[in-house]
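Undergrad: generate coordinates for the sequence data below:
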Amino acid sequence: MGSRRTVIIATSALVLVVGVMVAYGAWRVLRAAPDEVSLDAAVASLEELGASQPATSVAGSDNSRTDIAAETTIAASDDGVWYVDSTFGSFTFDESTGSFVGFRVEEELARIGSFTAVGRTGEVEGHLSIEDGQLVQVSVSADLSTIITNDSRRDRAARHALNVSENPMATFVLDEPVTLPGTNDSPVSIEVVGQLTINGIRHDVPVILEAQLVNGTIVVVGSAEVAFADYEVAVPSAVIVVSVEDHGIIEFQLLFTRG
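TA: Predicted coordinates for the structure are as follows:
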C-alpha cells in the first residue's frame with residue numbers, strides 16, 4: 001500500500017511539474033505581441049523623452065552635439081542629409097522608443113489558434129537626403145542577426161530562417177526621388193518604391209511611409225508586405241506550429257537627425 005501511495009504521489013508531482021512547464025512555455029510563446037508601428041505613438045514617445053530630457057542633443061556630421069531646442073529654431077529648410085539616430089530613445093522587444101526594424105508574421109498554433117509572431121532589432125543605420133522639397137535618397141540597413149522575439153527559441157528559428165549566418169544585413173535603398181508634400185511640421189504619408197535586400201536577394205517593393213518633424217527629429221514609420229519565397233526565406237517549423245503564412249510584414253520606426 002505504501003509503495004502504491006508513493007507511486008501516486010510521485011506521478012501527481014510529475015504531472016504538476018509538467019503542467020507548470022507547459023503553462024510557462026505557453027506564456028512565453030503567447031506573450032502579447034508589441035503593437036504595430038504607429039506615427040502617433042512614436043511622436044508621443046519622442047515628445048515625452050524630449051520633455052524629460054531638456055538637454056538632449058542630436059548628432060552632427062562632425063560628431064559634435066547640438067541642443068534640440070536650438071535645432072527647432074532653424075526653420076528655413078529641411079534640406080540636407082539626415083541620419084538614423086541610434087542614441088535617442090531605447091529599444092526592447094516589448095517597448096521601443098528609439099529606432100528599430102522588424103517583422104510580423106501570422107501563425108496558427110496547435111490548441112491555441114492564431115498568433116502574431118513579431119521580431120525586432122535596434123541595430124539600424126542609415127540616412128535620407130532632402131533637396132528642394134524632394135526626398136532624393138534613402139538608405140537604411142539592419143543587422144538581422146540581432147533579431148529578438150518574445151522567446152529565445154523563436155529567436156534562433158527566425159535567424160536561421162533568415163540565413164543570417166551568411167547574409168546578416170537587410171537593406172532598403174530608394175529607387176528614385178519623391179516629391180514631399182508641404183508639411184508645416186504636420187504628419188505626411190507617401191508611398192515610395194525601393195530595393196529591399198534580404199538574404200542577399202534584392203527586389204523592388206512599394207513602402208508606405210508616414211513621417212513628421214518633431215523637435216529637430218524626423219520620425220518615420222512604415223511597413224511593406226513581402227513574400228518569403230521571394231527572398232528564399234524558409235518558414236520556421238515547430239511541433240506547436242500548425243501553419244505559418246507564406247508572407248509577412250516588414251515594419252520600421254526610424255528617428256533621423258540632421259547631419
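
Undergrad: just give me the neighbour total for Glu232.
TA: Applying other C-beta atoms under 10 Å, we find 12 residues neighbouring Glu232. C-beta: built from backbone N, CA, C; applies to glycine.

Undergrad: name the nearest residue to it, sequence neighbours excluded.
TA: Asn199 (5.6 Å; C-beta to C-beta, 6 or more residues apart in numbering).

Undergrad: quick one: what helix or strand has Arg156 in it?
TA: helix 152-161 (DSSP states H and E).

Undergrad: how about Thr257?
TA: Remark: Thr257 resides in strand 247-258, with elements defined by DSSP H and E.

Undergrad: could you list the buried residues of that strand?
TA: Within strand 247-258, the residues that count as buried by 16 or more other C-beta atoms under 10 Å are Gly248, Ile249, Ile250, Glu251, Phe252, Gln253, Leu254, Leu255, Phe256, Thr257, Arg258.

Undergrad: in JSON lines: those residues, plus distance to Val214.
TA: Converted to JSON lines, the buried residues of strand 247-258 look like this (distance: C-beta to C-beta, whole Å):
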{"residue": "Gly248", "distance to Val214": "29"}
{"residue": "Ile249", "distance to Val214": "25"}
{"residue": "Ile250", "distance to Val214": "24"}
{"residue": "Glu251", "distance to Val214": "20"}
{"residue": "Phe252", "distance to Val214": "17"}
{"residue": "Gln253", "distance to Val214": "13"}
{"residue": "Leu254", "distance to Val214": "13"}
{"residue": "Leu255", "distance to Val214": "9"}
{"residue": "Phe256", "distance to Val214": "11"}
{"residue": "Thr257", "distance to Val214": "11"}
{"residue": "Arg258", "distance to Val214": "13"}
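
Undergrad: need the residues you listed in JSON lines (columns: distance to Thr171 and pLDDT).
TA: JSON lines is the format used below for those (distance: C-beta to C-beta, whole Å; pLDDT from 0 to 100):
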{"residue": "Gly248", "distance to Thr171": "17", "pLDDT": "87"}
{"residue": "Ile249", "distance to Thr171": "18", "pLDDT": "91"}
{"residue": "Ile250", "distance to Thr171": "12", "pLDDT": "93"}
{"residue": "Glu251", "distance to Thr171": "16", "pLDDT": "96"}
{"residue": "Phe252", "distance to Thr171": "12", "pLDDT": "97"}
{"residue": "Gln253", "distance to Thr171": "17", "pLDDT": "97"}
{"residue": "Leu254", "distance to Thr171": "13", "pLDDT": "97"}
{"residue": "Leu255", "distance to Thr171": "18", "pLDDT": "96"}
{"residue": "Phe256", "distance to Thr171": "16", "pLDDT": "97"}
{"residue": "Thr257", "distance to Thr171": "20", "pLDDT": "95"}
{"residue": "Arg258", "distance to Thr171": "22", "pLDDT": "92"}
